[in-house]
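*Asks:* heads up, no residue letters with this:
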Ligand SMILES: Cc1nc(NNC(=O)[C@H](CC2CCCC2)CN(O)CO)c(F)c(N2CCN3CCOC[C@@H]3C2)n1
Ligand code: NI
C-alpha cells in the first residue's frame, strides 16, 4: 500500500527526469502499480484512512513521485456536482499525451500544491482550460478524452510530472499573483 513515505520530495532527481513510456498493453507490474496509485488517492480522500495512514489529500499522482520514472498517472477527482457524477474523473492513464489544448487558459484560485513539495508556493499556475488527452488503460485500450477546468488542471499537473516539470515552474516569480486578462479562475 502506498503511503507518504513512498513519495519522493523536491530535490530528488527523478522529479526532474523525463519518464519513459511503458509497454502497451501494460505488464502486470504496471497494472498493479496503477491500482495502488488510485487506491492511495481514494485513501487520501477518506477522512478515517487519511488520518490513520497520515496521508495528505490528493486528487492526482504520477509514478515519478514514487521514484518510478514511467509515464503512468492516476487521477481521482470527485465530481463536485452530485447531479453530474460524470463531471468527476477516476482513472489510471498509461502513456498519456495531450493532443491539443484550448487557447483559453485557467488556473485554480487557490494556486496549486504538490505531494512532493513540503512547502506552500503561492501564485497562480496558469494552464490550458481545456485539453484533449489520449492514453491507454490497464487493458491496453486506447482512449481519447476531452477535459475542461478542474479535471484538465489536475491532468496537466500530472502530465507535467512525467515530463520533469513542477507546478511552480509555471509561476511568474516577479508577480506570482499576476493574472492576464481572460484567464479563467477556478474555485
Ligand atoms: C486541487 C487539490 N489538490 C489536492 N492535493 N494536491 C494534489 O492532489 C496534488 C495534485 C493537484 C494539485 C493541483 C492540481 C493537481 C498531488 N500531486 O502532487 C500530484 O502530482 C487535494 F487534496 C484536493 N482536494 C479537493 C478534493 N477533496 C475531495 C475530498 O478529499 C480531499 C480532497 C482534497 N484538491
Ligand atoms: Ni504534484
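*Replies:* On my side now, so go ahead. Source: prediction; values computed, not measured. Ligands and ions are numbered 1, 2, ... in the order given.
*Asks:* all strands of this protein, in order?
*Replies:* 60-62, 72-77, 89-101, 105-108, 127-128, 130-136, 142-148, 184-186 (DSSP state E).
*Asks:* which one of the ones you listed lies closest to residue 54?
*Replies:* Nearest to residue 54 among those is strand 60-62 (16.0 Å), distances taken as Cβ to Cβ. Just so you know, the C-beta spots here come from the backbone N, C-alpha and C atoms, and that holds for glycine as well.
*Asks:* picking up where we left off before, which of the strands of the chain sits closest to residue 159?
*Replies:* Nearest to residue 159, of all those, is strand 89-101, at 5.6 Å by Cβ to Cβ.
*Asks:* Against which helices or strands is that closest one packed?
*Replies:* Packing partners of strand 89-101 (3 or more Cβ pairs under 8 Å, 6 or more residues apart in numbering; DSSP states H and E): helix 28-44, strand 72-77, strand 130-136, helix 149-162.
*Asks:* Can you convert the strands of the chain into CSV and add a column each for distance to residue 21 and mean neighbour count?
*Replies:* CSV is the format used below for the strands of the chain (distance: least, Cβ to Cβ, whole Å; neighbours: other Cβ atoms under 10 Å):
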stretch, distance to residue 21, mean neighbour count
strand 60-62, 14, 26
strand 72-77, 10, 25
strand 89-101, 5, 18
strand 105-108, 28, 20
strand 127-128, 22, 21
strand 130-136, 10, 19
strand 142-148, 13, 14
strand 184-186, 30, 15
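*Asks:* Mean pLDDT for those strands - can I get that in JSON lines?
*Replies:* What follows is the strands of the chain, written out as JSON lines (pLDDT from 0 to 100):
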{"stretch": "strand 60-62", "mean pLDDT": "99"}
{"stretch": "strand 72-77", "mean pLDDT": "98"}
{"stretch": "strand 89-101", "mean pLDDT": "98"}
{"stretch": "strand 105-108", "mean pLDDT": "98"}
{"stretch": "strand 127-128", "mean pLDDT": "98"}
{"stretch": "strand 130-136", "mean pLDDT": "98"}
{"stretch": "strand 142-148", "mean pLDDT": "98"}
{"stretch": "strand 184-186", "mean pLDDT": "97"}
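*Asks:* Just give the closest residue to the residue nearest in space to the middle of the chain, not the sequence neighbours.
*Replies:* By Cα atoms, centre = their mean, the mean C-alpha position of the chain lies nearest to residue 158, the distance being 3.0 Å. Excluding its sequence neighbours, the residue lying closest to residue 158 (Cβ to Cβ, 6 or more residues apart in numbering) is residue 73, at 3.9 Å.
*Asks:* What is the neighbour count of the closest residue to residue 70 other than its chain neighbours?
*Replies:* Spatial nearest neighbour of residue 70, excluding adjacent residues (Cβ to Cβ, 6+ apart): residue 63 at 4.6 Å. Residue 63: 26 surrounding residues under other Cβ atoms under 10 Å.
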